[in-house]
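Q: Based on what follows, work out the 3D shape:
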Amino acid sequence: MRFLVVERFKNGDAAPVYERFARHGRMAPPEVTYVDSWVTSDLTTCFQVMEASHRAALDAWIANWADLVDFEVYEVVSSADAAARVRR
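A: Alright, predicted model coming up:
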């Protein structure tokens, strides 16, 4: 499963997130894979694509960051998959 994760850094402060990442890495369980990410130019929000075998695995990763980040999670499919579903 693929997820779009919107991360809003608490207090608009990216520094604690990047500091923890530098010390501990992504802290994701083995069944969660980082795909790619983009950060807004004001460094307050990150849009991250993650793959996970199931949502509970993603939630375990989120728990490691919930003190620094507010999360929104959307299960997503590729545009090609969406088009194929519509054509059915």
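
Q: switch to C-alpha atoms for all contacts and neighbour counts from now on
A: OK.

Q: can you give me the strands for this protein?
A: 2-9, 32-39, 45-52, 69-76 (DSSP state E).

Q: by contact count, what packs against the first one?
A: On a contact count with 3 or more Cα pairs under 8 Å, 6 or more residues apart in numbering; DSSP states H and E, strand 2-9 meets strand 45-52, strand 69-76.

Q: now swap in the last one and tell me
A: The criterion is 3+ Cα pairs under 8 Å, 6+ apart, and the helices and strands that strand 69-76 contacts are strand 2-9.

Q: coming back round to it: would you reformat the strands of the chain as CSV and include mean neighbour count?
A: Listed next are the strands of the chain as CSV, based on neighbours: other Cα atoms under 10 Å:
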stretch, mean neighbour count
strand 2-9, 20
strand 32-39, 14
strand 45-52, 19
strand 69-76, 15
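
Q: any idea how far Leu43 is from Lys10?
A: 11 Å (Cα to Cα, to the nearest Å).

Q: Alpha carbons only: can I get the helix or strand bottoming out on mean pLDDT in the chain in CSV?
A: The helix or strand of the chain with the poorest confidence is helix 79-87; it has a mean of 92 (mean pLDDT, DSSP states H and E). Output of helix 79-87 as CSV, limited to C-alpha atoms (Å, rounded to 0.1, in the frame of the first residue of the first chain):
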residue,chain,number,x,y,z
SER,A,79,-3.0,8.1,-11.6
ALA,A,80,-2.8,5.1,-14.0
ASP,A,81,-4.4,2.8,-11.4
ALA,A,82,-7.1,5.4,-10.8
ALA,A,83,-7.8,5.7,-14.5
ALA,A,84,-8.1,1.9,-14.8
ARG,A,85,-10.6,1.8,-11.9
VAL,A,86,-12.7,4.5,-13.5
ARG,A,87,-12.8,2.7,-16.9
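
Q: which residues are in contact with it?
A: Around helix 79-87, nothing counts as a contact under Cα atoms under 8 Å, 6 or more residues apart in numbering.

Q: got the helices and strands packed on strand 2-9 as CSV, with distance to Pro30 columns?
A: Below are the helices and strands packed on strand 2-9 laid out as CSV (distance: least, Cα to Cα, whole Å):
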stretch, distance to Pro30
strand 45-52, 9
strand 69-76, 19
